[in-house]
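Student: The following block contains a protein sequence and its predicted model.
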Amino acid sequence: MSDPLATLQREHLQILERDYAEVLTSLGYDGVLIYSGHPALHFGDDQHASFSSYGHFQHWIGQAGLAHSWLLIRPGQRPICYFHAPDDFWHLPPHLPEQAWTEHFEVLTGRYDAPPKLGTGRFAVIGNVSETTASALGVQCNPPALLAALDEGRVRKSEFETTCLSESNRMAMLGHRAAREAFLAGGSELDIHLAYLQASRQRESELPYGNIVGIGGHAAVLHYQHYDTATPHKRYSLLVDAGHRYRGYCADITRTWPGPDAEPTFTALVERMHQIKQRLIAAVAPGVDFVELHERMHHLLGELLVESELVTVSAESAVQSGITRAFCPHGLGHLLGVQVHDVAGRTARDGTPLPPPPEHPALRLTRELETGMAVTIEPGLYVIPMLLEPLESSPTGQHLNWALIERLAPHGGIRTEDNVSVTAHAARNLTADIE
């Protein structure tokens, strides 16, 4: 009986071979050697930092934790994988998975601390490779034109990639449900984090990024990086931004839940932010300018601030005066793939740079949406003192409801984030599919 995912992976590899052949030929290369990378040692220590394989390496075979390995891609020839699996009694060597790529590649298993020898021709090497190593090989190291073209090749996802993203979303949502249950049962941030890991079947080093688990005011720290071990005295809210990795492909999902001690206004705001997210996802389609969609988020946020009586000016004024940016300083979303913040989000298809607008410097995706893209949609609303306090002493401050802001401050903030695949006519919500 055939494996549908194996069939999709074979098709994905055929697409990659075609695309790489076009890029390499157009740039005059006979081939490219892709290095998976290696873990870095902590300075002055014998312990290694967490490791993830190079994105272009994962794009071919999806092995996120495979170090010291190499792929040799040459137009018209069978690709080769130099699979680093030395004899070792200190560690368990990696093993070949039962996946379609192992039949597509010529796989040479052994010890590859040094790069493999290359034949005659003009080659490039890409990845975390030193100029010294590249010079010894007699090849170019990370040539910008080649990297830009290969980055662009990761922007539009194959059916195999979208299927992997769907599965990573499914597993991540198992963790989010468990996190909510742990919170409502009175767990600490650490308890919630551990519940997430257990339910999503991951060890911490396998996460695509460090889980953000913020109770109450910690939810206002956008990349909150700690896990309190103490049970909170008041359970105002929980924000969990956490994902999963499947065959290299990353889910990036955020949920915010009101707690038993939440203000009714906060509970209503959580529901309204979910509705705003749904409206933005409904607007996703090929040809949509993501900068304009981000600006639409700010207009919807302005309307919510007026509706909830957090401001006493019009929604338009809340946007123009910068009030909405104080409540939501981050971008609406980003490209998603084998990297959580996937490549080429700020360049046009022809490689022209597309920097974010000066008023939205954190926006990671500034190009038009295209069929095949996978993006996150993540509107937010936070009470961040360092952003709101400057407004209090400005003329704008008289238009903010500071009493209500003070009541909401212990809740931290709200972020709700789904992963979306852009289809030929609209969007497929990969996260909602499994809720």
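Tutor: All right, it came through fine.

Student: Settle this for me: A85 is touching Y112, isn't it.
Tutor: No: with contacts defined as C-beta atoms under 8 Å, A85 does not count as touching Y112, sitting 9.1 Å away. From N, CA and C alone the C-beta is placed, and that goes for glycine too.

Student: mind checking how far A282 is from L165?
Tutor: To L165, A282 is 20 Å away according to C-beta to C-beta, to the nearest Å.

Student: between these two, which one's more packed in?
Tutor: Set side by side, A282 and L165 show unequal neighbour counts under other C-beta atoms under 10 Å, the larger going to L165 at 26 against 11.

Student: Give me the phi and psi angles of that one.
Tutor: Taking degrees, to the nearest 10, you get phi -60, psi -40 for the backbone angles of L165.

Student: nearest residue to it other than its sequence neighbours?
Tutor: The shortest distance from L165 to any residue other than its chain neighbours is 4.9 Å, reached at Y249 (C-beta to C-beta, 6 or more residues apart in numbering).

Student: Quick check: phi and psi at that neighbour.
Tutor: Geometry field for Y249 lists phi and psi as phi -90, psi 140, criterion degrees, to the nearest 10.

Student: which residues does the nearest residue to L150 once chain neighbours are set aside contact?
Tutor: The spatially closest residue to L150, leaving aside those adjacent along the chain, is H56, at 5.7 Å (C-beta to C-beta, 6+ apart). For H56, the contacting residues are 34, 126-127, 150, 154, taking C-beta atoms under 8 Å, 6 or more residues apart in numbering as the criterion.

Student: quick one: buried residues of stretch 177-185?
Tutor: With burial defined by 16 or more other C-beta atoms under 10 Å, the residues of stretch 177-185 counted as buried are 177-180, 182-183.

Student: quick one: which of those is nearest V383?
Tutor: Of all the buried residues of stretch 177-185, V383 sits closest to F183, with 19.4 Å by C-beta to C-beta.

Student: Let me know the distance separating that closest one from Y236.
Tutor: Relative to Y236, F183 is positioned 11 Å away (C-beta to C-beta).

Student: Could you identify the most distant pair in the contacts of H56?
Tutor: G127 and R154 (14.5 Å).

Student: thinking again about what came up before, out of the contacts of H56, which end up buried?
Tutor: Among the contacts of H56, those classed as buried by neighbour count (16+ other C-beta under 10 Å) are 34, 126-127, 150, 154.

Student: All the helices of the protein, residue numbers only.
Tutor: For the chain, the helices defined by DSSP state H cover 4-27, 55-61, 101-104, 131-137, 144-153, 159-184, 189-200, 264-282, 290-307, 315-320, 323-327, 385-392, 402-408.

Student: Make CSV out of those and add mean pLDDT and distance to P357.
Tutor: Rendered in CSV, the data for these read as follows (pLDDT from 0 to 100; distance: least, C-beta to C-beta, whole Å):
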stretch, mean pLDDT, distance to P357
helix 4-27, 98, 31
helix 55-61, 98, 27
helix 101-104, 98, 41
helix 131-137, 93, 36
helix 144-153, 98, 22
helix 159-184, 98, 28
helix 189-200, 98, 35
helix 264-282, 98, 18
helix 290-307, 98, 6
helix 315-320, 98, 13
helix 323-327, 98, 11
helix 385-392, 96, 18
helix 402-408, 98, 27
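
Student: will you turn the ones you listed into TSV that also has distance to G210?
Tutor: Formatted as TSV, the helices of the chain follow (distance: least, C-beta to C-beta, whole Å):
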stretch	distance to G210
helix 4-27	28
helix 55-61	18
helix 101-104	28
helix 131-137	30
helix 144-153	24
helix 159-184	14
helix 189-200	10
helix 264-282	23
helix 290-307	25
helix 315-320	32
helix 323-327	25
helix 385-392	22
helix 402-408	26
